[in-house]
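Asks: got a sequence here, can you build the structure:
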Amino acid sequence: MKAALVAVAYNRINSLRRLLRSLEEADYGDERVTLIISVDKSDSDEVERFATAYEWPHGPKRVKLHKRNMGLRAHILSQGEEEFDEFDTLVILEDDIIVSPAFFNFTRHAVEKYSGDPRIAGISLYSFPLNYLTGRPFAPMHRGHDVHFMHTAQSWGEVWMRDSWRRFHAWYKDNTDFGPDADVPASLFKWSRSWLKYHTRYCIETGCYFVYPNVAYSSNCGDAGTHTAGYNCYQTILQTRCALPLRLPDSVEEGVRYDAFFENEELYGALGLSREECVLDLNGYRGAVAGRRYCLSSLTLPYSSVRSFGLNRRPVETNILGNEPGDELHLYDTSVPAPAPQAAGVPGDILYSFRLPGMTAIVRKYGLRRFFTELLRAGVKALLRRK
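Replies: This next block holds a predicted model:
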């Protein structure tokens with residue numbers, strides 16, 4: 001593996017300092033690793049001067065100073081366009097990311113395992129603590145491995161491999177229009193300046209996956225920036241050591257697989273239905289989809305329920321795989337209209353997802369008035385940052 005670390009920067013000098021500090025503290029063994037700092041043009045030269053003067057202790061350093069503002073999408077994609085003639089692996093890190101001391105060990109072994117697999121589009125260093133589509137907690141099912149697979153690309157610490165990235169880039173050049181598609185999460189259509197939505201759509205349309213660690217090797221620090229208000233809900237726990245050998249499945253089929261909606265693809269087999277027949281919607285994001293007769297959902301929908309399941313196991317898909325008795329989750333036949341199942345009180349999936357006893361403890365500690373006052377204040381601050 002001939003790898004380079006690429007720190008992508010714009011105008012946040014403190015964020016870049018923090019990223020570089022975390023890279024300095026990582027374990028590279030005996031390797032000398034190239035660091036590339038790529039700085040997009042901004043109204044200030046502060047970041048440019050800092051990057052130029054910075055001394056990288058683990059190998060060669062290269063600084064790219066762009067003379068015009070490229071914008072995030074072009075800036076990110078240019079790294080693959082420019083660097084893969086020299087390197088076969090790029091670790092792409094935007095400046096609001098930090099990495100675990102063990103990230104390079106994980107990268108090395110994951111690249112060695114999957115660089116030749118045409119179904120792998122990339123490797124994530126990040127692992128989702130939340131389903132970003134719904135805001136609800138997410139935890140992958142474990143099958144004795146250290147990773148899982150997702151039809152979701154990543155921008156909060158990702159590893160590109162030359163061959164897989166070039167396949168994506170060739171697809172991207174022919175697919176710059178981003179029209180509606182029921183198999184693409186609706187949220188992605190709101191990302192007007194994103195490059196990530198294209199990489200995710202590529203995964204969906206080609207059947208490729210990103211490799212995700214079960215415990216993250218990078219985290220998003222939630223800094224305010226051009227495309228987002230500051231928030232920290234996506235910060236996650238970092239794996240500080242890489243226990244070797246990593247337990248990596250030999251193939252995608254051997255591992256745990258999630259679609260772009262965070263739904264476990266093993267459920268098709270458990271239900272005896274194909275993806276052409278059935279919509280998986282345990283996260284309550286999609287609802288019924290035209291042309292697919294069945295819908296497995298946590299929502300109450302106006303169709304006949306042909307099977308039901310309880311909501312007592314975690315993660316949520318294990319209620320189906322374990323045939324948990326109950327009536328919180330339903331397999332609907334959308335060809336048969338019927339009154340929606342009745343939900344009494346607070347829906348069970350809300351109580352299940354958000355562990356409301358924990359929220360109750362917060363309210364008890366700080367008082368109801370202070371809880372909602374602080375919640376409102378945080379919301380107003382976020383709105384003001386967006387303006």
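
Asks: my read: Ile76 touches Val8, true?
Replies: Yes: using C-beta atoms under 8 Å, Ile76 makes contact with Val8 at a distance of 6.3 Å. The way it works is simple: take the backbone N, C-alpha and C, and place the C-beta from them, glycine included.

Asks: would you map out the domains in the protein?
Replies: Domain segmentation of the chain under automatic domain parsing yields 3-258, 267-337, 358-386.

Asks: what about the helices in the chain?
Replies: Listed in chain order, the helices of the chain (DSSP state H) span 13-24, 46-53, 72-83, 103-114, 162-173, 196-206, 266-271, 318-321, 348-354, 356-366, 368-386.

Asks: which one of these lies closest to Pro213?
Replies: helix 103-114 (6.4 Å; C-beta to C-beta).

Asks: average pLDDT across the closest one?
Replies: Average pLDDT, helix 103-114: 98.

Asks: what of stretch 63-79?
Replies: 96.

Asks: ok, back up a step: between Ile76 and Val8, what contacts are shared?
Replies: Ile92, Glu94 (C-beta atoms under 8 Å, 6 or more residues apart in numbering).

Asks: before we move on, the earlier item: can you say which of the helices of the chain is nearest to Asn283?
Replies: Comparison of the helices of the chain against Asn283 by C-beta to C-beta identifies helix 348-354 as nearest, at 8.8 Å.

Asks: for the closest one, give the mean pLDDT please.
Replies: On average, helix 348-354 scores 70.

Asks: now stretch 37-47
Replies: Per-residue scores along stretch 37-47 average to 96.

Asks: and if you look at stretch 121-129?
Replies: 98.

Asks: on that earlier part again, turn the domains of the chain into CSV, columns for distance to Tyr352 and mean neighbour count.
Replies: Formatted as CSV, the domains of the chain follow (distance: least, C-beta to C-beta, whole Å; neighbours: other C-beta atoms under 10 Å):
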stretch, distance to Tyr352, mean neighbour count
domain 3-258, 9, 18
domain 267-337, 5, 17
domain 358-386, 12, 11
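
Asks: the ones you listed: lowest mean pLDDT?
Replies: domain 358-386 (a mean of 63).

Asks: that older thread, closest to Arg32 out of the helices of the chain?
Replies: helix 103-114 (12.0 Å).

Asks: need the contact partners of the closest one.
Replies: 1, 3, 26-29, 31, 33, 89, 91, 100, 120, 123, 125, 147, 157, 159, 161, 211, 213, 217-218, 239, 242, 244-246, 248.

Asks: what of stretch 159-169?
Replies: Contacts for stretch 159-169 (C-beta under 8 Å, 6+ apart): 77, 79-81, 84, 87-92, 107, 110-111, 114-116, 118, 120-125, 199, 202, 208.
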